[in-house]
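**Q** Pasting the sequence and the predicted coordinates here, then a few questions.
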Amino acid sequence: MRINIMPKNHLKTYEGAPAKHISAEAQLRRSLMACMLWEDTFYEDGVSISERIASLVPQVEPKIVADVAIEAREKMKLRHAPLWVVREMARHEGHKALVADVLSRVIQRADELTEFVALYWKDKKQPLSKQVKKGLAKAFTKFDAYQLAKYDRDGAVKLRDVLFLCHAKPKDKEQEAIWKQLIDGTLPAPDTWEVSLSAGKDKKETWERLLSENKLGGLALLRNLRNMAQNNVNEQLIFESLERMKTDRILPFRFISAAKHAPQWESHIEKAMLKCLEGREILPGRTVLLVDVSGSMDSFISKKSDLMRHDAANGLAILARELCEQVAIYSFSDKTVRIPDRQWLCFT
């Protein structure tokens, strides 16, 4: 019997192609960096992905897990998936010591305080660990009255609940007074577009006031361009807002979505999108970029989104084109097609 033969590779991709084994760290990074928690992908359901991430956390060195969670929040701009990783860190003895610092760092919006506690209690309600309390308390001090009021919403877990649970200490008398208002339910209503429009105020006047006072965040601006167009908002105010908007926390596909809903302003949206590349080094030499446009990309990014996966790929390709000294971009599915060399790329 001959046994000097190449071993068979039983690892397969979801599409059935041969796959290679990668380390637990590489698996965690790959699973996390594109994870919109509990959202299904074409080949895999969201629950399976979250369970795999949870199972990988104890297999990877604690410091590496901490760094990956922070990278997912700060560089990849993911919100819920990094919280899920920290929740899993709190379950394992070797990882617990890092929880407070990592949690306080990945919580960057006030509603993430309540989201984390909801994740912690997903399976059953239980006391928060000491490290979790420390992390929540440290994170709570980041937020001012406006931010707390904006996200002081009804839910299974409220901001005041988190404040009581973590026993946070205010930085000063002003913050102490704000927290008392939060507890008493007397925080002043924030001056947001949702509050103004729900109060029945004139839509055109409301949008123009918020734009002129620079009170619209970048994401809110992009999401509401269609509403502004429908209400004949002053175009110059819109263009000025797009020009000064901060883009560091906005994912590329948001600009693609905005351009679809307000194509008449595409050139201004594109200019805003490319601002996020300012100061970045150019990749030298020749780069070839392949963009998947197969059936697996023809599905929504999430249950609540009207944007497709190929739109997200399109957005990344637009940015990659600007960062490469020489670039050739191809789409591929049943055949490979060279994409014309222009800024506002289209694969659909």
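**A** Arrived safely, thanks for sending. Numbering: from 1, shown residues only.
**Q** For the rest of this, base every contact and every neighbour count on C-alpha atoms.
**A** Fine.
**Q** Give me the nearest residue to V47, chain neighbours excluded.
**A** The spatial neighbour of V47 that comes closest, neighbours along the chain excluded (C-alpha to C-alpha, 6 or more residues apart in numbering), is W38 at 5.3 Å.
**Q** how much space is there between that neighbour and V132?
**A** In this structure, W38 lies at 22 Å from V132, with C-alpha to C-alpha, to the nearest Å as the measure.
**Q** likewise E74?
**A** Applying C-alpha to C-alpha, the value for E74 to V132 is 20 Å.
**Q** if we can go back for a sec, more neighbours, W38 and V132?
**A** V132 (28 against 16; other C-alpha atoms under 10 Å).
**Q** picking up where we left off before, would you say the residue nearest to V47 is within a helix?
**A** No: following the definition DSSP: H, G, I helix; E, B strand; the rest coil, W38 is coil and is not counted among the residues of a helix.
**Q** could you list every residue that touches it?
**A** Residues in contact with W38, defined by C-alpha atoms under 8 Å, 6 or more residues apart in numbering, are 45-47, 49-50.
**Q** which stretches of the protein have low pLDDT?
**A** Counting by pLDDT under 70, the chain shows low-confidence ranges at 1-3, 5-9, 341-348.
**Q** Can you give me the domain boundaries for it?
**A** 1-106, 193-277, 283-338 (automatic domain parsing).
**Q** Dump those to JSON lines, plus distance to K125.
**A** As requested, these are exported to JSON lines (distance: least, C-alpha to C-alpha, whole Å):
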{"stretch": "domain 1-106", "distance to K125": "13"}
{"stretch": "domain 193-277", "distance to K125": "32"}
{"stretch": "domain 283-338", "distance to K125": "27"}
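**Q** For whatever helix or strand M228 lives in, could you pull out the residues that count as buried?
**A** Of the helices and strands defined by DSSP states H and E, M228 is found in helix 225-230. Neighbour-count burial for helix 225-230 flags 225-229 (criterion: 16 or more other C-alpha atoms under 10 Å).
**Q** Distance-wise, check F300 relative to A328.
**A** Between F300 and A328 the distance is 27 Å, computed by C-alpha to C-alpha.
**Q** Kindly report the same for L187.
**A** Note on L187: its distance to A328, by C-alpha to C-alpha, is 54 Å.
**Q** between these two, which one's more packed in?
**A** For L187 versus A328, neighbours defined as other C-alpha under 10 Å are more numerous around L187 (19 against 15).
**Q** Roughly how far does the more buried one sit from L148?
**A** 8 Å.
**Q** try A100
**A** The separation that A100 has from L148, given C-alpha to C-alpha, amounts to 21 Å.
**Q** can you check F239 too?
**A** In this view, F239 and L148 are 30 Å apart by C-alpha to C-alpha.
**Q** what's the answer for M273, then?
**A** Computed as C-alpha to C-alpha, the M273 to L148 distance reads 29 Å.
**Q** So if I had to pick from the two, which one is more boxed in?
**A** It is M273, of M273 and L148, that has more neighbours when counted by other C-alpha under 10 Å, with 26 against 23.
**Q** Spell out which helix or strand contains the more buried one, please.
**A** Assigned by DSSP H and E, M273 falls within helix 266-274.
**Q** Show me what the helix or strand following that helix is in contact with.
**A** Per DSSP H and E, the first helix or strand lying C-terminal to helix 266-274 is strand 283-292. Contacting residues not belonging to strand 283-292 are listed as 310, 313-314, 317, 323-333 [C-alpha under 8 Å, 6+ apart].
**Q** Give me the subset of those residues that lies in helices.
**A** Counting by DSSP state H, the members of these that fall within helices are 310, 313-314, 317, 323.
**Q** Among the residues you listed, pick out the one closest to E112, please.
**A** Proximity of the ones in helices among the contacts of strand 283-292 to E112, judged by C-alpha to C-alpha, is greatest for A313, which lies at 27.1 Å.
**Q** Quick check: closest non-adjacent residue to the closest one.
**A** With C-alpha to C-alpha, 6+ apart as the criterion, A313 has its nearest non-adjacent residue at 6.6 Å, and that residue is V291.
**Q** Which residues are in contact with the residue positioned nearest the centre of the chain?
**A** Here the mean C-alpha position of the chain is nearest to the C-alpha of L78 (C-alpha atoms, centre = their mean), at a distance of 3.1 Å. Neighbouring residues of L78 by C-alpha under 8 Å, 6+ apart: 33, 35-36, 72.
**Q** what's the most distant pair in the residues you listed?
**A** Top of the distance list for the contacts of L78 (C-alpha to C-alpha): M36 and A72, 10.9 Å.
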